[in-house]
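Peer 1: just coords:
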């Protein structure tokens, strides 16, 4: 049975992604900063092939403990979905935003992804077809941000969008490093989805968002790597 770890999986898109991977026959580790909320998520899923893992992506000790725990129950990890993220709150006016807010957002959305990926790399390398999905945002696209006709052109800020732009850059570099292996590493934007993250203001559903993440988590051997895909572009590539 293939295995998957999803960070920030106790609710929203992460939880819906867990459900769809379970339906596809995966064993899913539910990464949750709050262990009680993770246990609630596992109970909600009601599936034997799940386990909650306390995982705070900003805490090195938590990451290493999660790696040790998962390593005791499986010899390989087939899928890593770096889904945990924060917005930092809005507005994020570049001239006045507190620098600490930017640091906090980058700690979760950028550095956290790197730490988790590196901690689980050895388990991923033992999979015959390892897949890494870095959950990004349309707000990461510098090309779109420079286009006044873009529907989200005015949604600019100094923390959230830039943290995802940095994540995209890391995704490209990681995919390049692993280009001669069986890894597939992609940045995937689930689109503007109605979740707690945006006070349920987005038009998309968590089920549709999760479907896109699962698509890239389960790519075949001929699938793409080092690309940026978006639900806002019908699941096709987005400009960087």
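Peer 2: Received the coordinates, thanks. Note that this is a predicted model, so its numbers are computed, not measured.
Peer 1: can you find which helix in this structure contains the most residues?
Peer 2: Looking across the chain with DSSP state H, the single longest helix is helix 160-177.
Peer 1: off-centre distance for that one?
Peer 2: Here the centre of helix 160-177 is set off from its chain's centre by 12 Å, with C-alpha atoms, centre = their mean, to the nearest Å.
Peer 1: tell me which residue is most central in this protein.
Peer 2: Central residue of the chain (C-alpha atoms, centre = their mean): residue 83, 2.5 Å from the mean position.
Peer 1: residue 79 touches residue 120, doesn't it?
Peer 2: No - using C-beta atoms under 8 Å, residue 79 is not in contact with residue 120, being 10.3 Å away. (Glycine included, C-beta is placed from N, CA and C.)
Peer 1: okay, those two: which has more neighbours?
Peer 2: residue 79 (28 against 21; other C-beta atoms under 10 Å).
Peer 1: give me the distance between that one and residue 18.
Peer 2: 11 Å (C-beta to C-beta, to the nearest Å).
Peer 1: then residue 146?
Peer 2: 36 Å.
Peer 1: next, count neighbours for residue 111.
Peer 2: So residue 111, with other C-beta under 10 Å, has 17 neighbours.
Peer 1: state the pLDDT value of the closest residue to it other than its chain neighbours.
Peer 2: Nearest non-adjacent residue to residue 111, counting by C-beta to C-beta, 6 or more residues apart in numbering: residue 58, 7.6 Å away. pLDDT recorded at residue 58 is 98.
Peer 1: give me the secondary structure label for residue 58.
Peer 2: Here residue 58 takes the coil state, with states given by DSSP: H, G, I helix; E, B strand; the rest coil.
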